[in-house]
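Novice: build the 3D model from these lines:
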Amino acid sequence: MTLLNNYIAGIISLLIFLAMATVIYIKQVFWFDEPVLEFFAHHRTPFLDVFFSTVTWLGSLYLLIPIVLAGSLMLKKSGYGDSALFLGLGFGGAMLVTNILKRILGRTRPQSFIDPALLPLDSSFPSGHATHITALMLCLLILHHRFAVPGHWATAALLVPLIILVALSRLYLQVHFLTDIIGGILVAVVWVLLLDCYYWKGRGF
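Specialist: Next up, the predicted model:
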């Protein structure tokens, strides 16, 4: 996870996101978006309804903002002020960018397999939940790596399933297209990796 590798990955992710956002702005829906939602709509069960309704909260700001604030405060009190600021900027910046993009692109939420009255009021692309959980996980992974904490790859192995579960929950609950999820993940990757390159450059990490 060198700064150069992060920079390259960030730029590639940005180009992919821009291409996807352009298509969405023009056409609104990719060819595979509806079939994916149809699959989940046809495989709903009472157990999965409860499971995914609970799991989806892992990407909610109501849960993640207190976690980020508490984590930043703990880092600052432990003498890691730079890391506390990085965590706040990494998560908060990704959240802000996603909200701006939602307003600009204005994509309508999926309505084929759900009552529109049950949908959130904001736009669909990119997924805020996917952005939030991915940004937090990337920030934590980078902080582990920058301070050479043993087992940071094991940490990633534990964190990635959380991102996948949140992504699946948004599809299962019919509140996002698959491309919304991919877009949210890309926003987090671009923001956090490029912030990492800028923030730690010249700091000796």
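
Novice: centroid-nearest residue for this structure?
Specialist: Centroid-nearest residue in the chain, with C-alpha atoms, centre = their mean: residue 131, separated by 1.9 Å.

Novice: that residue reaches residue 92, doesn't it?
Specialist: No: at 11.4 Å, residue 131 and residue 92 do not qualify as touching, with contact defined as C-beta atoms under 8 Å. Every C-beta, even on glycine, is put in place using the N, C-alpha and C of the backbone.

Novice: re the thing from before, contacting residues for the residue nearest to the centre of the chain?
Specialist: 94, 95, 97, 98, 184, 185, 187, 188 (C-beta atoms under 8 Å, 6 or more residues apart in numbering).

Novice: and if we set it to 7 Å?
Specialist: 94, 95, 98, 184, 187, 188 (C-beta atoms under 7 Å, 6 or more residues apart in numbering).

Novice: quick check, nearest of those residues to residue 64?
Specialist: Nearest to residue 64 among the contacts of residue 131: residue 95, at 8.7 Å, using C-beta to C-beta.

Novice: run a quick neighbour tally on the closest one.
Specialist: Residue 95 is flanked by 22 other residues according to other C-beta atoms under 10 Å.

Novice: returning to what we had before: mind telling me what element the residue nearest to the centre of the chain is part of?
Specialist: When elements are assigned from DSSP states H and E, residue 131 belongs to helix 128-146.

Novice: great, nothing more from me.
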